[in-house]
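Q: After the sequence you'll find the predicted model.
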Amino acid sequence: MKIFSDAAMAFFSQTTGHKAAVRTAYLLEGAETVVWNDFQGRIELGGHYRGSVTFSAPRGLLTHLLLTMGESSYTDASHRDVVGEITNQMSGYARRHFGEAMDISPPRVITQGEGVAPPGFAAAPFVIPMLWDRYEAHLVVRMGKAGSA
C-alpha cells in the first residue's frame, strides 16, 4: 500500500510544491466503498496477488490542482486528465517496485457505476485518506492472493 500512497504523494509534491499528508488507513467493511468522490482512476493488479487500486478525488481538489498547475480549463475532461495522471504515476511506481512479479493494467478513469471491486472479489479494501491543502482524497486498495476470492 505504501508504494501507491508514495506515488500519489509524489504527484502532489512534484506538481504543486506542496506535500499531501497521508492519514490513518482503515479497513472498509461492506461490498462497496463509501469514500467515492467526484472523479476516480484505477489500476488493476494481477500475478501472485490480484485486486485494484483506485484513486478518488473531489472536484474541488482537482480544480485547485489545475489552478496550481497553471491550467485554464476546468472541464470534466480536465479533471479526468488529472486523475489519470495521478493513477498513471501510481502505475509507474508499482511497475518499478514490483517488476514482473505483478501484472499492472494501464490506468483508466472510471465512473461510479463501475464500482471499486473486481467482479467476484471478496477481499475488504483498505482506505488511505490523503489530505492536500484543505481537501481529502482517497486511495482504495483491494488486494488478495491469486486464487482466493
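A: Received the coordinates, thanks.
Q: and residue 139, that's in a helix?
A: No. Going by DSSP: H, G, I helix; E, B strand; the rest coil, the assignment for residue 139 is strand, not a helix.
Q: Could you report the neighbour count for the nearest residue to it once chain neighbours are set aside?
A: Distance criterion Cβ to Cβ, 6 or more residues apart in numbering; nearest residue to residue 139, sequence neighbours excluded, is residue 128 at 4.1 Å. Any C-beta I mention is one placed from the backbone N, CA and C, and that applies to glycine too. Residue 128 is flanked by 23 other residues according to other Cβ atoms under 10 Å.
Q: Was I right to think residue 128 contacts residue 141?
A: Yes. Using Cβ atoms under 8 Å, residue 128 is in contact with residue 141, at 6.7 Å.
Q: Quick check, central residue of the protein?
A: residue 55 (2.0 Å; Cα atoms, centre = their mean).
Q: Might one say that residue 110 is in contact with residue 42?
A: Yes. If you go by Cβ under 8 Å, residue 110 and residue 42 touch, sitting 5.1 Å apart.
Q: Looking at the two, which is more packed in?
A: For residue 110 versus residue 42, neighbours defined as other Cβ under 10 Å are more numerous around residue 42 (24 against 19).
Q: measure the more buried one to residue 12 for me?
A: According to Cβ to Cβ, to the nearest Å, residue 42 stands 19 Å off from residue 12.
Q: do residue 41 as well
A: Counting by Cβ to Cβ - residue 41 and residue 12 are separated by 14 Å.
Q: in the top helix by length along the chain, what counts as buried?
A: Secondary structure of the chain per DSSP state H: the longest helix is helix 76-98. Judged by neighbour count (16 or more other Cβ atoms under 10 Å), helix 76-98 contains these buried residues: 78-91, 93-94, 98.
Q: so where's this protein uncertain?
A: The chain contains residues with pLDDT under 70 at 30-35, 112-122, 147-149.
Q: all strands of it, in order?
A: 21-22, 26-27, 39-47, 49-57, 102-104, 108-110, 126-132, 135-145 (DSSP state E).
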